[in-house]
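Student: Give me coordinates for this.
(one chain, ligands or ions: 1)
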Amino acid sequence: MLHTPIDNVRADTPEDWLARHGGETAVLLHCPGALAARHARFRRGFPGAVTYAVKANPDAALIAALVQGGMTAFDVASPAEMALVRGISPQAVLHYHNPVRSRAEIAAGIAAGVASWSVDDMGELDKLVACGVAPDTEIAVRLKLPVAGAAYDFGAKFGAEPDLAQALLARAAAGGFRVSMTFHVGTQCADPDAWTAYMQACAQAARKAGVRLSRLNVGGGFPSGRDGAEPALEPIFAAIAGGVSAFDEAPALVCEPGRALVADAMAYAVRIKARRGAALYLSDGIYGGLSECPSIGMPRVDLVTEGARATAAPRPFALWGPTCDSLDRLPGETLLPGCAGEGDWLLFRSAGAYLVGVTTCFNGYGTYERGEVARLWTDPSRPLG
Ligand SMILES: *Cc1c(COP(=O)(O)O)cnc(C)c1O
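Tutor: Numbers count the residues shown, from 1 in each chain. Next up, the predicted model:
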């Protein structure tokens, strides 16, 4: 479901919200101040234009809040995402950066006035030309390198290796397109050198192709604070600002974060239905709002009991989801206060990305309520965003 409005139920903290919550359905708690602060941090720190990768969280109210904060361009991957964004912001600039598209999808992109198309394959570039994409449109050649440092490798699916990237650049330039490049270092990547390596490889491919890039889109992949600490974004911004020195003529920079813009603005509260020894059975699991945990690991989890964050001595627990599928278990063991038991809540950090739009209703679970909080951390000195 793309259009789930954020409910009007508000509280100061997640603890307050949960203390008033009568039910046991999981709750996605949104902190608008944290979203605004993180967006401002990107706009202040990133040395170029900040766009938003809609797939990270396609919630209409969240997109509207980003527009309110000055967001004018979006990375969209499907006609449905184009319609969603344009419904909220009719003037929005659309970057269609899913590099594999059917001809019907290309026609929908042309009708929507897409400003930038990524390509990583000669056949796909031919398809864009055959479908009549206007020559003054931007073609962003997507490069891939073997990459370390990210939670998983985006190059496994998309991206052209340097030789093919060079050929695509030359062909797009000959076709009269505005030529740019793009890449994705892999999601939740905390290593600034990943961006530097990609920027150097882009500069080299452009030089070999004899093409001057109008822009360079350094993708998403920026880390969120999954471990509960503030993510170190500024060193990455600095590496990107320094990376343009690899180019003979510096291209204008663009980024398209998903996760790092929105994840830390939300937390996900899941109720403990039962405890058996060192095993906790939860009201949601990997088929619902916690589907990312098996692939990129656990975020910070806090225990909320009787309206307060519990601080009892920790011990390891196995966390099981509510379905009858034995795969429905969160990875590893999670350290939680030993007092955890039936009726308590687990509060999962950084839930604002890759939860909305991803949950299934397998076995009748996976639905959640929505709430709003003034702050996500009990510690009032903790900065937002
Ligand atoms: C998913 C995606 C993003 C956002 O990635 P994050 O890791 O969430 O920042 C950006 N660009 C493209 C092309 C994507 O597919």
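Student: For S180, give me its contacts.
Tutor: By Cβ atoms under 8 Å, 6 or more residues apart in numbering, S180 lies in contact with S116, E138, I139, A140, V141, L213, S214, R215, L216, N217, P251. Quick note: C-beta positions are derived from backbone N, CA and C, even for glycine.
Student: With pLDDT added, can I get those residues in JSON lines?
Tutor: Compiled in JSON lines, these are given as follows (pLDDT from 0 to 100):
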{"residue": "S116", "pLDDT": "98"}
{"residue": "E138", "pLDDT": "98"}
{"residue": "I139", "pLDDT": "98"}
{"residue": "A140", "pLDDT": "98"}
{"residue": "V141", "pLDDT": "98"}
{"residue": "L213", "pLDDT": "98"}
{"residue": "S214", "pLDDT": "95"}
{"residue": "R215", "pLDDT": "98"}
{"residue": "L216", "pLDDT": "98"}
{"residue": "N217", "pLDDT": "98"}
{"residue": "P251", "pLDDT": "98"}
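Student: okay, now the closest residue to R315 other than its chain neighbours: neighbour count?
Tutor: In this structure, R315 finds its nearest non-sequential neighbour in G338, 4.5 Å apart by Cβ to Cβ, 6 or more residues apart in numbering. Residues within reach of G338, counting by other Cβ atoms under 10 Å, total 15.
Student: I figured G338 hits A313, correct?
Tutor: Yes. Under the criterion of Cβ atoms under 8 Å, G338 makes contact with A313 at 5.6 Å.
Student: Please spell out which residues along stretch 47-67 are buried.
Tutor: 48-63, 65-67 (16 or more other Cβ atoms under 10 Å).
Student: what separates the residue of the stretch 201-350 of the chain found nearest the ligand from S78, distance-wise?
Tutor: Closest to the ligand within the stretch 201-350 of the chain is G220: 2.4 Å, counting by Cβ to the nearest ligand atom. Relative to S78, G220 is positioned 16 Å away (Cβ to Cβ, to the nearest Å).
Student: how about the residue in the stretch 1-150 of the chain that the ligand sits nearest to, phi and psi?
Tutor: The nearest approach of the stretch 1-150 of the chain to the ligand comes at A53, 3.4 Å away (Cβ to the nearest ligand atom). Main-chain dihedrals, A53, degrees, to the nearest 10: phi -80, psi 100.
Student: if you skip the residues just before and after it, what's nearest to it?
Tutor: Once flanking residues are discounted, A53 sits nearest to G258: 3.5 Å by Cβ to Cβ, 6+ apart.
Student: between G220 and S78, which one's more packed in?
Tutor: Of the pair G220 and S78, G220 is the one with more neighbours under other Cβ under 10 Å, namely 27 against 16.
Student: Shouldn't that one be within a helix?
Tutor: No. Counting by DSSP: H, G, I helix; E, B strand; the rest coil, one finds G220 to be coil, located in no helix.
Student: looking at it, L84 is touching L62, isn't it?
Tutor: No. At 11.2 Å, L84 and L62 do not qualify as touching, with contact defined as Cβ under 8 Å.
Student: Could you see whether the ligand lies near stretch 257-266?
Tutor: Yes. Residues of stretch 257-266 contacting the ligand under Cβ under 6 Å from any ligand atom: P257, G258, R259, A260.
Student: and the two most separated of the residues you listed?
Tutor: Maximum pairwise distance in those, criterion Cβ to Cβ, is 7.6 Å, between G258 and A260.
Student: Between these two, which contacts overlap?
Tutor: In contact with both G258 and A260: G220, using Cβ under 8 Å, 6+ apart.
Student: was I right about L62 contacting G258?
Tutor: No. L62 is beyond contact range of G258, at 11.4 Å (criterion: Cβ under 8 Å).
Student: Please determine how far the residue in the chain sticking out farthest from the centre is located from L355.
Tutor: Here the chain reaches farthest from its C-alpha mean at G277, the gap being 35.7 Å by Cα atoms, centre = their mean. Distance of G277 to L355, computed by Cβ to Cβ: 29 Å.
Student: ok, now H39?
Tutor: Look at H39 and L355: by Cβ to Cβ, they are 19 Å apart.
Student: what residues does this structure put near the ligand?
Tutor: Listed as neighbours of the ligand in the chain under the rule Cβ under 6 Å from any ligand atom: 53, 55-56, 75, 97, 184, 187, 219-222, 256-260, 353.
Student: If any of those residues are buried, put those into a ChimeraX selection.
Tutor: Restricted to buried positions by 16+ other Cβ under 10 Å, the ChimeraX selection for the residues of the chain next to the ligand reads:
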select :53,55,56,75,97,184,187,219,220,221,222,256,257,258,259,260,353
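Student: need the contact list for the residue nearest to A53.
Tutor: By Cβ under 8 Å, 6+ apart, the residues touching G258 are Y52, A53, V54, K55, A56, N57, D75, T187, G220, A353, Y354.
Student: Appreciated, that's everything.
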